[in-house]
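Chemist: got a sequence here, can you build the structure:
(2 chains, ligands or ions: 2)
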Amino acid sequence: MHGIEFRDVAVRYGSNTVLHGLSLAIAPSEFLALLGPSGCGKTTMLRVLAGFVPYAGSVLLDGRPIDAVPTHRRGIGIVFQDYALFPHRTVAENIAFGLRMRGGAAAAIGRRVEEMLELLRLGGLGARYPGQLSGGQQQRVALARAIAIDPPVLLLDEPLSSLDKKLREEMQIELRQLQKRVGITTVFVTHDQEEALAMADRIAVMNGGRIQQIGTPREIYARPANRFVADFIGRSSLHPVRVAGDADGTWRCTREDGTALRAVGPASASPGAAFFLSVRPESIALAAPDHVDPALNVLDAVVEDVVFQGGVSHVRVRAAGGALFACEERGPGAGRGPGERVRIAWTPEDGILVPE
Amino acid sequence: MRAGQQSRLRLATLIAPGTLLVAAFFGCLGVLFVQSFLPSAGMGRLGDGFTLASYAAFLGDPFYVGYLLRSIAIAVYTTAIVLVLGYVVAYHMTLCGRRMRLAISIVLLVQFFTSFVIRTYAVMLVLGRFGIANRTLQAIGLTDEPLRLLFNEFAVATGIVLTAVPYMVFPIYGSLMAIEPNLRAAAESLGATRRRIFWEVVFPLSLPGVAAAVVIVFLFALTSYIAPGLLGGGYFDMIANLIYDKAVNAQDYPFAAAAAVVSVATTLVLVYLMQKGFRLAIRGTER
Ligand SMILES: Nc1ncnc2c1ncn2[C@@H]1O[C@H](COP(=O)(O)OP(=O)(O)O)[C@@H](O)[C@H]1O
Ligand SMILES: [Mg+2]
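Modeler: Ligands and ions are numbered 1, 2, ... in the order given. The predicted structure follows:
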């Protein structure tokens, strides 16, 4: 199994810098998701790895630079966003394509194609043309074609984005199982955070051609490294605060209107420093307007609106001073309505200070 | 109700001119067909009755059939040459910069919209006794005397090739541009060299354009009239020149009609076979 490393990789198109010196290591057999908004440079990362675009810096495969190796000898498996199946070739011929380019014996190629058809549950479709397949089947052919050459790395560029929701969720599970079974190092590009959280061993969150944070889905969700990550992953209420001092393991900080709160944050924070306080909706409890608990952060608030979604209700409240907080209430709910006076409360550990 | 009537009216006005043209075309062909079975009464007059005499006269004489065979032969090899030239130009247009592409398109379009006579005359100027071709050959010392490049098969073929290139380039260019760029990237990532990408992906996917262009150029070449007329100078006449000569000079309309009917029928068969061949090669390329 093979590891990948990006070292200070930079890409520019004319005067437009698309990747700003990225460094990133991907462990053997790891499933890494590149997650970020459209245009942040995810596809460009894959194009660098495949050798399609000139770049500064270095890409290493198992510790050896491959910058001088042309695409057709890098042997990297790619599943394109639009699958890019050869329309004039049958499914079997598509899967055999990379094997033929490597010049294997016809019998060996035939066996490998059969193996791939079986692995991806495409049995019986070998003689069809791509145009005669459903989106999900085309997707699997593209995967089979990429894996057939036994590449050191598999690159997937938003492979599920054109499938409908149900099929997409099925394919997420299938893809993940396949990756574990084959053990192939995989870079999976997506702009869908739920997909990334559900599938990846680790997520690299990108924005504006820079990596914002790398970590396991849990780390990224629970400890966002900055405001962008806190905002982009999951839902978060984000409010500017200033650090006032420390209080047994947590930071005391003040909101713009002077209210004092406690939160966790970087050890390097010092009094006076500006941060954003990030609180997840599920961490915030809605309480009666006279609720008091010195161990929690408690704020007076008024319900703005309620969206009932069955098992969970999304409640937006406006705290004193005007700040909006998104909260969640599980269960059938208390049937809250706009204008209702409440108190919101969360533990200091659930409030996270993130830099801009 | 009113909207339906209106749209039906609009549809009718759209279809009418085309229908009229097609009707007129088939009407003329019909007249030709009928005339080919009438006896000739000489001096351009048509007799009564039904006869196969004109067909016998045309098909029975190797001299006459030779015009048709010669025309088919020259059409086949000029189409092949134009295919290679046109493909190279079209392929180059997909790779070169935007300015170069524009320049090539302008040259081809100017050619395309210039009258045949002028285009063919331009070829005469190039191939003439004191034309560029002869002067170049003399300048580089390949020949002392000017060569006779005009008024032979070579001149006619050159004329057809040079005037037919735009008909070949544009359909092929269109089908090359329609190829999904990611297909090349996919082939490359799977280990294909540039050469194999071309032969395994690009060329097969350009075949629909090639098929259309080849039929157009083949018909263009087969029915050449001005090229043999000006560049062959009577030394290399093609079938259209024979038909014109028989109809206008000899005023033997039934013979001209029979020759035309045989030519059209042969052409239809050839085009049908070509299409069949291409369809086999193209199978699967259309999504
Ligand atoms: N061939 C190109 N020429 C110029 N700019 C490009 C080219 N390809 C991508 N870009 C720019 O690079 C940025 C990143 O693109 P991309 O990597 O495709 O983003 P993503 O896949 O994250 O949506 C975008 O702003 C895009 O406009
Ligand atoms: Mg992309």
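Chemist: which segments of chain A make up each domain?
Modeler: A:4-227, A:235-354 (automatic domain parsing).
Chemist: and the end-to-end length of the shortest one?
Modeler: Same thing as domain A:235-354. 14 Å (CA to CA, to the nearest Å).
Chemist: that domain: how far from the chain's middle?
Modeler: The chain centre lies 26 Å from the centre of domain A:235-354; the measure is CA atoms, centre = their mean, to the nearest Å.
Chemist: of the domains of chain A, which is nearest B:G97?
Modeler: Closest to B:G97 of those, according to CB to CB: domain A:4-227, at 14.6 Å. All C-beta spots, glycine's among them, are computed from the backbone N, C-alpha and C.
Chemist: do that closest one and chain B meet?
Modeler: Yes: using CB under 8 Å from any CB of the partner chain, domain A:4-227 reaches chain B at A:50, A:52, A:71-78, A:80, A:82, A:84-90, A:97-98, A:101-102, A:129-131, A:145, A:149.
Chemist: could you say which of the domains of chain A is packed most deeply?
Modeler: Across the domains of chain A, averaging neighbours per residue (mean count of other CB atoms under 10 Å in any protein chain shown) puts domain A:4-227 on top, at a mean of 19.
Chemist: please, where are all the strands along the stretch 101-250 of chain A?
Modeler: Ranges of strands within the stretch 101-250 of chain A are A:153-157, A:185-190, A:202-207, A:210-215, A:237-247, A:250-255, based on DSSP state E, counting those that start in this stretch.
Chemist: from A:P240, how far off is A:E114?
Modeler: 61 Å (CB to CB, to the nearest Å).
Chemist: hmm, stretch A:212-230 in reach of ligand 1?
Modeler: No: figure legend: stretch A:212-230 not in contact with ligand 1 (CB under 6 Å from any ligand atom); closest approach 13.0 Å.
Chemist: now do that stretch: everything it contacts.
Modeler: A:24, A:36, A:196-198, A:200-207, A:233-234, A:236, A:238, A:276, A:278, A:352, A:354-356 (CB atoms under 8 Å, 6 or more residues apart in numbering or on different chains).
Chemist: now stretch A:99-116
Modeler: Contacts with stretch A:99-116, where a contact means CB under 8 Å, 6+ apart, come from A:72, A:92, A:95-96, A:122, A:126, A:144-145, A:147-149, B:187, B:190-192, B:196.
Chemist: just those now: which is nearest B:Y87?
Modeler: B:Y87 lies nearest to B:R196 out of those, by CB to CB, at 17.5 Å.
Chemist: who's in contact with that closest one?
Modeler: By CB under 8 Å, 6+ apart, the contact list for B:R196 reads A:M101, B:A187.
Chemist: contact residues of chain B facing chain A?
Modeler: B:180, B:182-183, B:185-193, B:196, B:200-201, B:204-205, B:282-287.
Chemist: for the residue of the stretch 101-250 of chain A found nearest ligand 1, give the beta-bridge partners.
Modeler: In the stretch 101-250 of chain A, the residue that lies nearest ligand 1 is A:V189 (6.5 Å; CB to the nearest ligand atom). Per DSSP bridges, residues listed as beta-bridge partners of A:V189: A:L34, A:D157.
Chemist: distance-wise, check it relative to A:L178.
Modeler: For A:V189, the distance to A:L178 - CB to CB - is 17 Å.
Chemist: low-scoring stretches of the stretch 251-356 of chain A, by residue?
Modeler: Within the stretch 251-356 of chain A, the stretches with pLDDT under 70 are A:332-334.
Chemist: give me the residue from it nearest ligand 1.
Modeler: For the stretch 251-356 of chain A, CB to the nearest ligand atom, closest residue to ligand 1: A:E356, 21.9 Å.
Chemist: which SS state does that residue fall under?
Modeler: coil (DSSP: H, G, I helix; E, B strand; the rest coil).
Chemist: and the helices in chain A?
Modeler: For chain A, the helices defined by DSSP state H occupy A:42-50, A:71-74, A:91-101, A:106-119, A:135-148, A:165-182, A:193-199, A:217-222, A:227-232.
Chemist: typo on my end, the stretch 1-150 of chain B
Modeler: B:2-35, B:53-59, B:62-95, B:98-112, B:116-127, B:132-139 (DSSP state H, counting those that start in this stretch).
Chemist: pull the contacting residues for residue 91.
Modeler: Going with chain A. Counted by CB under 8 Å, 6+ apart, A:V91 has contacts A:L117, A:L122, A:L125, A:G126, A:A127, A:R128, A:Y129, A:P130, A:L133, A:V141.
Chemist: wait, I meant chain B there
Modeler: B:Y91 touches B:I172, B:L176, B:V202, counting by CB under 8 Å, 6+ apart.
Chemist: I'd like to know which of these are part of strands.
Modeler: Per DSSP state E, strands hold no members of those.
Chemist: ok, those residues vs B:L68, which is closest?
Modeler: Nearest member of the contacts of B:Y91 to B:L68, counting by CB to CB, is B:I172, at 28.5 Å.
Chemist: residues contacting that closest one?
Modeler: So B:I172 contacts B:G86, B:Y87, B:A90, B:Y91, B:S206, B:G209, B:V210, B:A213 (CB under 8 Å, 6+ apart).
Chemist: mind doing that once more with 6 Å?
Modeler: Contact partners of B:I172, counting by CB atoms under 6 Å, 6 or more residues apart in numbering or on different chains, are B:Y87, B:A90, B:S206, B:G209, B:V210, B:A213.
Chemist: which SSE is the third one in?
Modeler: So the one you mean is B:S206. Assigned by DSSP states H and E, B:S206 falls within helix B:203-222.
Chemist: any idea how far the residue of the stretch 101-250 of chain A closest to ligand 1 is from A:R210?
Modeler: 16 Å.
Chemist: for B:Y235, same thing?
Modeler: Counting by CB to CB - B:Y235 and A:R210 are separated by 75 Å.
Chemist: what do you get for A:V141?
Modeler: Distance, A:V141 to A:R210, by CB to CB: 35 Å.
Chemist: same check, this time on B:L127
Modeler: Where A:R210 is concerned, B:L127 sits at a distance of 65 Å (CB to CB).
Chemist: also B:R184?
Modeler: Taking CB to CB, one finds B:R184 at 30 Å from A:R210.
Chemist: can I get stretch A:95-107 as CSV, trimmed to CA atoms?
Modeler: Extracted C-alpha coordinates of stretch A:95-107, given in CSV (Å, rounded to 0.1, in the frame of the first residue of the first chain):
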residue,chain,number,x,y,z
ILE,A,95,-12.3,-1.8,-18.1
ALA,A,96,-9.6,-3.4,-20.2
PHE,A,97,-8.3,-0.1,-21.6
GLY,A,98,-5.7,0.5,-19.0
LEU,A,99,-4.6,-3.1,-19.0
ARG,A,100,-4.2,-3.1,-22.8
MET,A,101,-2.1,0.1,-22.6
ARG,A,102,0.2,-1.8,-20.2
GLY,A,103,0.5,-4.5,-22.8
GLY,A,104,-0.7,-7.6,-20.9
ALA,A,105,-1.6,-10.9,-22.4
ALA,A,106,-5.2,-11.1,-23.7
ALA,A,107,-6.1,-14.0,-21.5
